[in-house]
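Novice: what shape does this take:
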Amino acid sequence: MGVKIKDLLEIHNIVFGDLKGKLITIDAANALYQFLAIVQPATGTPLMDNKQRVTSHLSGLFYRTINLVEKDIQPIYVFDGKPPKFKAKTIEERREVRENAYQQWKTAIEVGDVETARKFGQSAHRLTREMVEESKKLLDAMGIPIIQAPTEGEAQASSMVGKKNIYAVASQDFDSILFGAPRLVRNLSIAEKRRIPKTDQKINVEPELIISSESFEKLNISREQLIDIAILIGTDFNNGVKGVGAKTALKLILEYKDLKTVIQEKSLQFEESEEELQEIKNFFLQPQVVEDFAIEFKNPTASAIQKILIDEHQFDPDRVDKGLKRLEKGLSKKQQMKLEKWFK
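Specialist: Numbers count the residues shown, from 1 in each chain. Below is the predicted model of the structure:
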């Protein structure tokens, strides 16, 4: 879901060429859920193998990652660890929303309402632990680096930006800015022609770039104050204050400078105590992350990829083999460019 601060941010429309040669950390859970939502037939039913196991996440991961590699973008997938304890309520709420969407989707399928099925199908299917583990195995077989975060993957991915030549974090959510990412790229894994609901029209979805410092300067606030604004609106860890949106929260922080003073002066009521709100703020400011990490792109292992996609999940062998050739060519091109740079 993420924090709703889009209206406050300075957002640049970019093209893939602007990211050529860049190392990008990707919030893996965010990307996989996007694949579940968009890699599906018109009925909202995810792709499945002959054992009725969902494969949309693997299809999206394989082909979209190849697209990035071919564009000379170097993806690093970062996976969630154990969620912080104050996220438990959000996780349960999301489970209920997903279950409700699943029931709505199932009913629509039964009565033949394709448009409703498509609508609810985008949020009806959950990402299981088994799906995550298989995604890691596929990426490893593809030679793409993966990083295991101790807690929130987005926090880990954000903390890596600026280190080891990593340019930006990619996510659909804006939490990365709260976690301290200097640059955030949106639509990286899903940029494509997208169908407009109830029409046959398609629109181009292009990547977007947010440079955090530009937004801070535009709003005349600090990162810490943006976190205060996010807590007022509501984050993945708290529900915020009813009736307070992004612009109202910004106005309050500009007037009173910090969350504690806003609460005192305006007598705002949160479900959480002030101590719990401070704990959430501290988590954004100093999340638990892995500081010592290695990034290495390897040659893909064709047999391992074929075993996962073809043998286990009945992907089309010709399509997989074509994808493999594209992947091998893209990665070998990167290796050649590195050698040329070394010997110059």
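Novice: run through the strands of the stretch 51-200 of the chain in chain order.
Specialist: Using DSSP state E, counting those that start in this stretch, the strands found in the stretch 51-200 of the chain span residues 74-79, 146-148, 166-170, 183-186, 193-195.
Novice: now for the fourth one, which elements pack on it?
Specialist: The contact analysis (3 or more C-beta pairs under 8 Å, 6 or more residues apart in numbering; DSSP states H and E) places strand 183-186 against strand 166-170, strand 208-211. C-beta here means a position set from N, CA and C on the backbone, and glycine is covered the same way.
Novice: so how far is that strand off the chain centroid?
Specialist: Distance of strand 183-186 from the chain centroid (C-alpha atoms, centre = their mean, to the nearest Å) equals 10 Å.
Novice: for it, C-alpha coordinates in CSV please.
Specialist: Listed in CSV are the C-alpha atoms of strand 183-186, where the atom choice follows Å, rounded to 0.1, in the frame of the first residue of the first chain:
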residue,chain,number,x,y,z
ARG,A,183,16.5,8.4,-5.6
LEU,A,184,13.4,6.4,-6.2
VAL,A,185,12.3,5.0,-9.6
ARG,A,186,8.7,4.0,-10.1
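Novice: returning to that earlier point: so which of the strands of the stretch 51-200 of the chain is nearest Gln288?
Specialist: The closest of those to Gln288 is strand 146-148. By C-beta to C-beta, the value is 12.4 Å.
Novice: what comes up buried for that closest one?
Specialist: Neighbour-count burial for strand 146-148 flags Ile146, Ile147 (criterion: 16 or more other C-beta atoms under 10 Å).
Novice: other SSEs contacting it?
Specialist: Counting by 3+ C-beta pairs under 8 Å, 6+ apart, strand 146-148 packs on strand 74-79, helix 129-142, helix 153-160.
Novice: and those, which is most packed in?
Specialist: Greatest average neighbour count among the helices and strands packed on strand 146-148 goes to helix 153-160 (a mean of 27), per mean count of other C-beta atoms under 10 Å.
Novice: coming back round to it: among the helices and strands packed on strand 183-186, show me which one is buried the most.
Specialist: Most buried among those, given mean count of other C-beta under 10 Å as the contact rule, is strand 166-170, at a mean of 25.
Novice: dump the helices and strands packed on strand 183-186 into TSV; add mean pLDDT as well.
Specialist: Shown next, in TSV, are those (pLDDT from 0 to 100):
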stretch	mean pLDDT
strand 166-170	97
strand 208-211	97
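Novice: that older thread, kindly reformat the helices and strands packed on strand 146-148 as a markdown table containing mean pLDDT and distance to Glu328.
Specialist: Below are the helices and strands packed on strand 146-148 laid out as a markdown table (pLDDT from 0 to 100; distance: least, C-beta to C-beta, whole Å):
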| stretch | mean pLDDT | distance to Glu328 |
| --- | --- | --- |
| strand 74-79 | 98 | 15 |
| helix 129-142 | 97 | 10 |
| helix 153-160 | 97 | 26 |
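Novice: so which of these comes closest to Gly323?
Specialist: Going by C-beta to C-beta, the one of the helices and strands packed on strand 146-148 nearest Gly323 is helix 129-142, 9.5 Å.
Novice: which elements pack onto the closest one?
Specialist: Here helix 129-142 touches helix 28-38, helix 56-70, strand 74-79, strand 146-148, helix 302-306, going by 3+ C-beta pairs under 8 Å, 6+ apart.
Novice: same list (those) but as CSV, adding distance to Leu47.
Specialist: Listed next are those as CSV, based on distance: least, C-beta to C-beta, whole Å:
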stretch, distance to Leu47
helix 28-38, 10
helix 56-70, 5
strand 74-79, 20
strand 146-148, 22
helix 302-306, 17
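Novice: packed most tightly, which of those would that be?
Specialist: Most buried of the helices and strands packed on helix 129-142, by mean neighbour count (mean count of other C-beta under 10 Å): strand 74-79, with a mean of 25.
Novice: quick one: strands adjacent to that one?
Specialist: Sheet pairing here is set by DSSP bridges, and for strand 74-79 it gives strand 23-27 (parallel), strand 146-148 (parallel).
Novice: rebuild the ones you listed as TSV, extending it with mean pLDDT and distance to Ser59.
Specialist: Below are the strands paired with strand 74-79 laid out as TSV (pLDDT from 0 to 100; distance: least, C-beta to C-beta, whole Å):
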stretch	mean pLDDT	distance to Ser59
strand 23-27	97	16
strand 146-148	97	18
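Novice: now do the buried residues in stretch 239-259.
Specialist: By neighbour count with 16+ other C-beta under 10 Å, stretch 239-259 contains the buried residues Gly240, Val241, Val244, Ala246, Ala249, Leu250, Leu252, Ile253, Tyr256, Leu259.
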